[in-house]
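could you look at this predicted model? Sequence included:
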Amino acid sequence: MILSPVLDVLDRLRPRLGRPVVIANLVAQIGLVVTGGAVRLTGSGLGCSTWPECEPGQFTPQLHAAMSINPLIEFGNRTLTGVLLVIAIAVALLVASDRRRPASYRWLGMTPLILVLTQALIGGIIVIFDLNPAFVAVHLLVSMTLVALSTWLMLRFSEGDGPSTSLVGTADRTLVRVLVVLLAVVLVLGVVVTGAGPHSGDDEVGYRFGVDPWLMAKVHAAAVWAFLAVLVTLVVRLRRAGATGRLWRTTLLLLAVTLGQGLVGYVQLFTGLPIGLVNLHMLGAALLTAGVASFVWATRTRGPVAVPADSAGRTASAH
């Protein structure tokens, strides 16, 4: 079979490169949220006037004395998207080609590539339609979905493929599902708040969502408090149940990220929404998304990853 040599090469590379690549994918996905936030917060969404080129006839910004920093910020975000595409291709090759793992895992390895290509298409639509706020909102929410899936893939890479066994009770599993739903609500409301405020992404058209920004900020905060209440309930219940190890560590880490994100949110609100703090809040949203994905992962187990027979033999002989 013509693909056999290629698959054999990937099998040899996977033990050394697989984990670094899936980690790099997650880091780059979070980085893209931050650079995308910088594009929006500085009004650089049309820094490049066309897509996929930056300017008609060239892919890089046209440098001249009167240019602003906006084209460079937009071009930097597009460049990171290109880097992310290369990483996503590497993830797809190393994960989707693993013939020892189930189809669900291999398809998970394809999601970064599929969604990065989707993001590039959405980015083009955003430019073509002059920063339509609905497309901008979808763009960010897809990025958050990528962060969640990339976190899950990174964690799944190092665990086995046995039946999933829950480490928490039925009531706690229900609370975990509620937590995930509340995260989605918090993220959607966060997008609306940003689009309704002074950092909506276009210096010429402020407040792109026609809703009261102060009211939406209160609704967003209420959703965050509901999220925190469910999380604290889980912390107390898991502690009483004697949770230890990765589950307890992940729970405490998620609580710390949630509290930090809430603190940044209130500070930015009462200090006039400085760009630096708003972008830090976007980074926090990505970390919170990764934290929830890690927490959900920690509430179940599939056992250790299987070691191929030849690798096990070499390991035994080495000792």
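In hand now; what should we look at?

next one: the biggest helix by length in the chain to chain centre, how far?
If you go by DSSP state H, the chain has its longest helix at helix 4-41. The chain centroid and the centroid of helix 4-41 are separated by 12 Å, computed with Cα atoms, centre = their mean, to the nearest Å.

what average pLDDT does the next helix or strand after that helix get?
Counting by DSSP states H and E, the next helix or strand C-terminal to helix 4-41 is helix 70-96. Helix 70-96 shows a mean pLDDT of 86.

what is helix 70-96 packed up against?
Secondary-structure packing of helix 70-96 (3 or more Cβ pairs under 8 Å, 6 or more residues apart in numbering; DSSP states H and E): helix 4-41, helix 103-128, helix 133-157. In this view, the C-beta of every residue, glycine as well, is placed from N, C-alpha and C.

which one of those lies nearest to Gln268?
Of all the helices and strands packed on helix 70-96, helix 4-41 sits nearest to Gln268, with 11.3 Å by Cβ to Cβ.

got the angle for that closest one vs helix 133-157?
Interaxial angle of helix 4-41 relative to helix 133-157 (axes from the mean of the first three to the mean of the last three Cα atoms, to 10 degrees): 140 degrees.

what pLDDT, on average, does helix 4-41 get?
The pLDDT scores in helix 4-41 average 88.

phi, psi for Glu159 please.
Note on Glu159: its backbone torsions stand at phi -120, psi 170 [degrees, to the nearest 10].

swap that for Gly169, sorry
Residue torsions, per degrees, to the nearest 10, at Gly169 are phi -80, psi 180.

next, count neighbours for it.
Counted with other Cβ atoms under 10 Å, residues neighbouring Gly169 total 12.

confirm for me that it is in contact with Ala243.
No: Gly169 is not in contact with Ala243 according to Cβ atoms under 8 Å; the separation is 11.0 Å.

now tabulate the helices and strands packed on helix 70-96 in CSV and tack on mean neighbour count and distance to Arg177.
Listed next are the helices and strands packed on helix 70-96 as CSV, based on neighbours: other Cβ atoms under 10 Å; distance: least, Cβ to Cβ, whole Å:
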stretch, mean neighbour count, distance to Arg177
helix 4-41, 17, 23
helix 103-128, 17, 19
helix 133-157, 21, 14
